[in-house]
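A.B. asks: The sequence isn't on hand, but the structure is:
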C-alpha cells in the first residue's frame, strides 16, 4: 500500500533522531509521500532541510498561513515569493482565511489570500486552503478569483455537504484528517454523500491526532488510522483507499 499525507508539518520536529524514527514509522505504515505546507518565512528552511533529507518522500509548498498575516505581511509575502525561484515547489500553501483566532485581520488576510492565488495562477500550481470559521469569506474570494486552471485542496475539511460540493465544483479536493475519527465531528455523514474520487488524506501533523492518539502530538504515520476510518465509511478495503487517494494526490500535485 502507498499512502500520501497531503498536509503535514512533520518538519517541526527538530531532533533528527526523533524525526528519523517518525519517518521510519511512516514507511512501516506505507506513508511514503508527504507534502509539506509552508506557513511563514522561518519554515522555508525547515521544509527545505526535510526535502533534502528525504528527496523521494517529501515535497515542498510555499505560502503564508492566514494566522501569520500581520501588519508586515507584504514584505513577508515578498520574501516567500522570492524563495520560489530557487526551489521546487508543488503547491502554494497553506493559504486562506482564519477567523477563529482574530477577526480584525480579515481585510489583510483576504488581500494576502488573493495575492497568493495569483501566484498559483501565474505558476500553474494548485493551492492548499486553510479555512477556519470562514467558508463564506473563502468562497467569496474564490468566486472572485475563479479561473479555468484553479485547483487544489480544502485542507482539514470540516464543512457540510453543500460546502463540500461547492468546493469540488470550484476545482478542489477535500482534505480529510484526524477529525473524521472523532465521534461528534459529523464528517462521516458528510462523506457518505461525497464520492471518494474527490477526497485526499492528511494528518496536519503535529496537530489533530486521530483516535486513538487524540490529544497527543500527531505524526504522519498516524495517517493509517485516518485511512481506516475512511475505509469504514466507504465500505472499502484499505488498499483501495490508499490507491484512490494517492492517485487523487498525483492529479493535484503532478507528482
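C.D. replies: Received it, and whenever you're ready, just let me know what you need. Owing to the predicted nature of the structure, the values given are computational and were not obtained by experimental measurement.

A.B. asks: Would you indicate which residues of stretch 25-44 are buried?
C.D. replies: 26, 29-41, 43-44 (16 or more other C-beta atoms under 10 Å). For the C-beta atoms, the positions are set from N, CA and C on the backbone; glycine is no exception.

A.B. asks: Please narrow those residues to those residing in strands.
C.D. replies: Counted as lying in strands by DSSP state E, out of those, are 31-36.

A.B. asks: of all these, which comes closest to residue 223?
C.D. replies: For those, the closest approach to residue 223 (C-beta to C-beta) belongs to residue 31, at 5.0 Å.

A.B. asks: ok, now which ones touch that closest one?
C.D. replies: 3-5, 220-221, 223-224 (C-beta atoms under 8 Å, 6 or more residues apart in numbering).

A.B. asks: ok, back up a step: reformat the ones in strands among the buried residues of stretch 25-44 as a markdown table; add distance to residue 93 and pLDDT.
C.D. replies: As requested, these are exported to a markdown table (distance: C-beta to C-beta, whole Å; pLDDT from 0 to 100):
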| residue | distance to residue 93 | pLDDT |
| --- | --- | --- |
| 31 | 19 | 98 |
| 32 | 20 | 98 |
| 33 | 16 | 98 |
| 34 | 14 | 98 |
| 35 | 9 | 98 |
| 36 | 10 | 98 |
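
A.B. asks: Residue 205: which of those residues is nearest?
C.D. replies: residue 34 (8.8 Å).

A.B. asks: And the strands in the protein?
C.D. replies: 3-5, 31-36, 58-62, 89-98, 127-132, 152-154, 172-176, 199-201.

A.B. asks: Quick check: mean pLDDT of the longest one?
C.D. replies: Here strand 89-98 scores 98 as its mean pLDDT.

A.B. asks: for stretch 194-207, same thing?
C.D. replies: 98.

A.B. asks: Buried residues of that stretch, list them for me.
C.D. replies: In stretch 194-207, counting by 16+ other C-beta under 10 Å, buried: 194, 196, 198-206.

A.B. asks: do stretch 65-78 as well
C.D. replies: 65-69, 73, 76-77.

A.B. asks: measure it end to end?
C.D. replies: One end of stretch 65-78 sits 14 Å from the other (C-alpha to C-alpha, to the nearest Å).

A.B. asks: Show me how far it is from its chain's centre.
C.D. replies: 19 Å (C-alpha atoms, centre = their mean, to the nearest Å).

A.B. asks: For it, give me every contacting residue.
C.D. replies: With C-beta under 8 Å, 6+ apart, stretch 65-78 has contacts from 37-41, 64, 94-98, 101-102, 105, 108-109, 111-113, 115-116, 130.

A.B. asks: How about stretch 162-176?
C.D. replies: Stretch 162-176 has contacts (C-beta under 8 Å, 6+ apart) with 6-7, 128-129, 135, 139, 142-143, 146, 150-157, 159, 187, 190-191, 193-194, 198-202, 226, 230, 248, 252.

A.B. asks: my guess is residue 93 contacts residue 129, does it?
C.D. replies: Yes: contact criterion C-beta atoms under 8 Å: residue 93 and residue 129 qualify, at 7.4 Å.
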